[in-house]
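*Asks:* Model the structure of this input:
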Amino acid sequence: MALFKQTQTPELTFFCFLFVSVLLFEPAAATLVISPNRAQFFRYEQITLSCDESEGSVMRSTVSQTSQPCEGGFGDQTKTSCILKNVYPSDSGVYWCESKWVMSNKVNITVTAGNVILESSARPVTEGSEVTLKCSYRKRYESESTSEFEAVFFKNDAFVGKATGELTRNAQEGFYKCEHPTEGESPKSWLSVTDPPNLEKVVKTPPPPSAAAAAAPPPMSLTMLMCIILVFILYTAIIIVSVCAYQRWTRVKAERIYEHLTMQM
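*Replies:* As a prediction, this is how the structure comes out:
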């Protein structure tokens with residue numbers, strides 16, 4: 001009778017499948033969407049927050065509470081959005097989207113009791129692209145604001161320009177604020193900048209390749225390299241599991257032979 005019968009266990013198949021799934025799994029990035037898209041608000045305005053991922057939940061941290069969910073917490077949760085009505089300075093804080101797998105970028109929202117705000121993008125902008133800065137003034141207890149005045153704009157407390165209405169400039173990361181001629185300054189807001197996409201911008205026709213370059217094999221693509229690495233890791237894992245199984249089999253076989261010899265003595 002055979003002392004050991006080698007079989008393909010489902011545990012080994014499951015282990016291999018799980019190993020490959022973990023390597024290939026890459027959750028999609030979540031993004032917090034703010035409407036209107038700005039980082040500063042007057043008292044009693046309305047803010048609508050939503051997550052571009054269906055399962056994401058809007059969260060916030062303020063001076064008084066940390067990691068507070070919208071639903072049952074600070075806002076009115078609808079099917080797709082979190083609505084903050086009649087916001088107050090106590091609503092100032094850090095907001096983000098959070099799901100089981102991912103967390104979005106965090107955005108600082110400021111609600112001021114003052115009369116001047118800077119309207120700038122709350123979402124990150126691409127470096128080098130044009131960004132619009134707008135200084136708004138609203139009288140106390142009024143619902144409408146105006147930008148029809150000459151405002152002064154600052155970046156990191158350094159003067160960057162004057163404009164009536166809006167100021168358009170190249171996006172640069174930093175703290176921005178604006179100043180009304182008679183009503184004072186707005187709070188500061190951080191403008192976040194992301195790197196531009198890595199695209200080839202050469203328009204002219206490239207020269208024909210030389211004979212040596214034409215004869216050379218094409219370089220290995222990143223996808224092919226990743227596939228080779230993945231296959232290597234997978235085979236290594238299978239070999240390790242097989243060696244462990246073989247060692248266990250030899251140990252069991254040796255024990256049974258020892259028991260058999262002991263019984264004959």
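
*Asks:* from here on, contacts and neighbour counts on C-alpha atoms
*Replies:* Noted.

*Asks:* what helices or strands is the longest helix along the chain leaning on?
*Replies:* Looking across the chain with DSSP state H, the single longest helix is helix 222-264. Here helix 222-264 touches helix 10-24, going by 3 or more C-alpha pairs under 8 Å, 6 or more residues apart in numbering; DSSP states H and E.

*Asks:* Please identify the buried residues of the next helix or strand after the helix it packs on?
*Replies:* Using DSSP states H and E, the next helix or strand after helix 10-24 towards the C-terminus is strand 32-35. By neighbour count on 16 or more other C-alpha atoms under 10 Å, the buried set for strand 32-35 is Leu32, Val33, Ile34.

*Asks:* now do stretch 240-259
*Replies:* Going by neighbour count (16+ other C-alpha under 10 Å), the buried part of stretch 240-259 is Trp249.

*Asks:* Quick check, Met59 in contact with Pro69.
*Replies:* Yes. At 4.5 Å, Met59 counts as touching Pro69 under the criterion of C-alpha atoms under 8 Å.

*Asks:* Who has more neighbours out of the two?
*Replies:* Met59 (23 against 20; other C-alpha atoms under 10 Å).

*Asks:* any weak-confidence spans in the stretch 51-200 of the chain?
*Replies:* Residue ranges of the stretch 51-200 of the chain with pLDDT under 70: 53-54, 198-200.

*Asks:* 50 instead?
*Replies:* For the stretch 51-200 of the chain, applying pLDDT under 50 flags the ranges 200.

*Asks:* residues in contact with the most centrally placed residue in the chain?
*Replies:* Nearest residue to the geometric centre of the chain (C-alpha atoms, centre = their mean): Ser104, 4.2 Å. Neighbour list for Ser104: Ala29, Ala30, Thr31, Leu32, Trp96, Cys97, Glu98 [criterion: C-alpha atoms under 8 Å, 6 or more residues apart in numbering].

*Asks:* for Lys134, same thing?
*Replies:* Residues in contact with Lys134 (C-alpha under 8 Å, 6+ apart) are Leu118, Glu119, Ser120, Ser147, Gly165, Glu166, Leu167.

*Asks:* what about 10 Å?
*Replies:* The contact partners of Lys134, taken as C-alpha atoms under 10 Å, 6 or more residues apart in numbering, are 117-120, 147, 151, 153, 163-168, 177-178.

*Asks:* Now, of the residues you listed, which are buried?
*Replies:* Looks like these have Ile117, Leu118, Glu119, Ser120, Ser147, Ala151, Phe153, Ala163, Glu166, Leu167, Lys177, Cys178 buried, using 16+ other C-alpha under 10 Å.

*Asks:* so can I have TSV of the residues you listed showing secondary structure?
*Replies:* Output for the buried ones among the contacts of Lys134, formatted as TSV (DSSP: H, G, I helix; E, B strand; the rest coil):
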residue	secondary structure
Ile117	strand
Leu118	strand
Glu119	strand
Ser120	coil
Ser147	coil
Ala151	strand
Phe153	strand
Ala163	strand
Glu166	strand
Leu167	strand
Lys177	strand
Cys178	strand
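
*Asks:* mind putting these in TSV, distance to Pro197 included?
*Replies:* Formatted as TSV, those follow (distance: C-alpha to C-alpha, whole Å):
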residue	distance to Pro197
Ile117	31
Leu118	28
Glu119	26
Ser120	22
Ser147	34
Ala151	33
Phe153	29
Ala163	31
Glu166	27
Leu167	25
Lys177	28
Cys178	30
